[in-house]
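J.: Attaching a predicted model along with its sequence, questions to come.
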Amino acid sequence: MSNQSNEFGEHEEGKIPGVLNLCAVTDGEVMKIEDVPDELFSQKMIGDGFAVMPSSQEVFAPVSGRLIEVADTKHAYYIETHEGIKILIHIGIDTLLLNGEGFESFVERKMLVEKGQKLASFDRQLLIDRGFQPVIPVIILEHDSVLSLEVHPIKEAKANESIALTVHLK
């Protein structure tokens, strides 16, 4: 990706220092993206990141930024950070096929969201009963400023508290 201006202003090469920590988006087990039971995610075809096998039915923003996309079916959310890094939160595997059934969204496209803000809720049991995996991949889309990702697997992560991923930046 090129360094372009975004909705927050101009992004300059080398201006992003340090790290970006992403918290667990829901309570549950934080796992490596390679362990997601779907090749699109496990083979990192969209990007790298982590996933949470939820024990909760609420999903929160792992970072602050602007919602650049909210799926009409309420199962996927794209947040762009102030640094221009785009993050996908995808609730469940193949849940697009539910056409929004079992999902409730609390945000809209173009909204500014704060880290820890509630994005959505979903009916975990409905997903399971319909044969869908409830796992929630959180993907960092490719960006020039990302050096590496460090996943922190946690058996009993707490939403908004447990750091699930550290993104090392240029």
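T.: The structure has been received and is ready for your questions. Numbers count the residues shown, from 1 in each chain.

J.: Need the nearest residue in space to residue 141, chain neighbours excluded.
T.: In this structure, residue 141 finds its nearest non-sequential neighbour in residue 86, 4.2 Å apart by CB to CB, 6 or more residues apart in numbering. For glycine as for every other residue, the C-beta is placed from the backbone atoms N, C-alpha and C.

J.: what's the single longest helix in this structure?
T.: In the chain, with assignment by DSSP state H, the single longest helix is helix 124-129.

J.: buried residues in it?
T.: Applying a neighbour-count criterion of 16 or more other CB atoms under 10 Å, one finds 124, 126, 127 buried in helix 124-129.

J.: for stretch 110-123, same thing?
T.: 113, 115, 118, 119, 120, 121, 122, 123.

J.: just to revisit the earlier point, can you get me a residue count around the residue nearest to residue 141?
T.: Look at residue 86: counted by other CB atoms under 10 Å, it has 20 neighbours.

J.: dump the residue contacts of it.
T.: If a contact means CB atoms under 8 Å, 6 or more residues apart in numbering, then residue 86 has 68, 78, 79, 80, 140, 141, 143 as its contacts.

J.: Among these, which pair sits farthest apart?
T.: Within those, 68 and 140 form the most distant pair, 14.0 Å apart (CB to CB).

J.: more crowded one of those two?
T.: Counted by other CB under 10 Å, residue 68 and residue 140 do not tie: residue 140 has more neighbours, with 22 against 15.

J.: I'd say the more buried one and residue 169 touch.
T.: No: at 10.7 Å, residue 140 does not count as touching residue 169 under the criterion of CB atoms under 8 Å.

J.: any idea how far residue 130 is from the nearest residue to residue 38 once chain neighbours are set aside?
T.: When the adjacent residues along the chain are set aside, residue 38 lies closest to residue 93, with 4.6 Å between them (CB to CB, 6+ apart). Here residue 93 is placed at a distance of 11 Å from residue 130 (CB to CB, to the nearest Å).
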